[in-house]
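>>> Starting from these lines, generate the structure:
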Amino acid sequence: MLDPPKGTLRAQRHEPIEVVETVVPAITEPRPGVYLADMGRTMAGWATLTVEAPEGTRIQLRYGEKLDDDGGVVWQSRLVPGRHQTDEYVCAGGGVETWEPRFTYKGFRYVEITGARPRALVGRVVHTKVAETGFFRCSEPFFEQLDQAMRRTIRNNLHGIPTDTPMYEKNGWTGDVQVAVPAMTFAFDMRRLLAKWLDDVRDSQT
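The predicted structure is shown next:
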């Protein structure tokens, strides 16, 4: 028997991690029995699957940010061997089923579905819901595109802590944050999240 943890349970003082957008992808069948959903942009979150298949049918979803030369999703990571960026769902059977994972998120643009033809699949964009505070406008559209890409990148890496990458590591390396803080604090209200993150760093030191 172990002693219970000591101290007082307190809520963490930062914005919640929420589903902030639903993306409807283009779905193709590049090879027989292999379906590819293209969200049109890189995002962090997961997919919601709707399917109708017999009981016991095992459906696999593999997520990645790019495709290989054969058009398959690159989901592997040399940093995280084995099962990575992968969901599996086993059908109960008996009708249409809709499922999405819990306690996980991926960095991806593409989702590869095998095991059954999906009736529908949507992408769920998920991150800590920080408010926008700074704005950039320019007569050159390309620079505005860069600004929007920067904002998406920052949001994709806000999941309770500022992370390194939503696909490969999902770690809160301090070097990445200190380089990105000027852009992060220009674009978003980071006061609560960064204060909470500094508390995490302090806790980790001991």
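
>>> For the nearest residue to residue 66 once chain neighbours are set aside, which residues are in contact?
Spatially, and ignoring its direct neighbours in sequence, residue 66 is nearest to residue 74 (5.2 Å; CB to CB, 6 or more residues apart in numbering). No exception for glycine: its C-beta is placed from N, CA and C like everyone else's. Contacts here follow CB atoms under 8 Å, 6 or more residues apart in numbering; on that basis residue 74 touches 64-68.

>>> OK, contacts around the residue nearest the centre of the chain?
Here the mean C-alpha position of the chain is nearest to the C-alpha of residue 44 (CA atoms, centre = their mean), at a distance of 2.3 Å. Applying CB under 8 Å, 6+ apart to residue 44 gives the contacts 105-108, 125-127, 155-157, 159, 166.

>>> Give the buried residues for stretch 73-89.
73-76, 84-85, 87, 89 (16 or more other CB atoms under 10 Å).

>>> Can you redo those as CSV, where the extra columns are distance to residue 16 and pLDDT?
CSV is the format used below for the buried residues of stretch 73-89 (distance: CB to CB, whole Å; pLDDT from 0 to 100):
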residue, distance to residue 16, pLDDT
73, 30, 95
74, 31, 92
75, 28, 92
76, 31, 87
84, 26, 89
85, 24, 94
87, 23, 96
89, 26, 97
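
>>> Closest one of those residues to residue 131?
residue 85 (29.3 Å; CB to CB).

>>> So what does the closest one look like in phi/psi?
phi 50, psi 40 (degrees, to the nearest 10).

>>> so how far is residue 162 from it?
20 Å (CB to CB, to the nearest Å).
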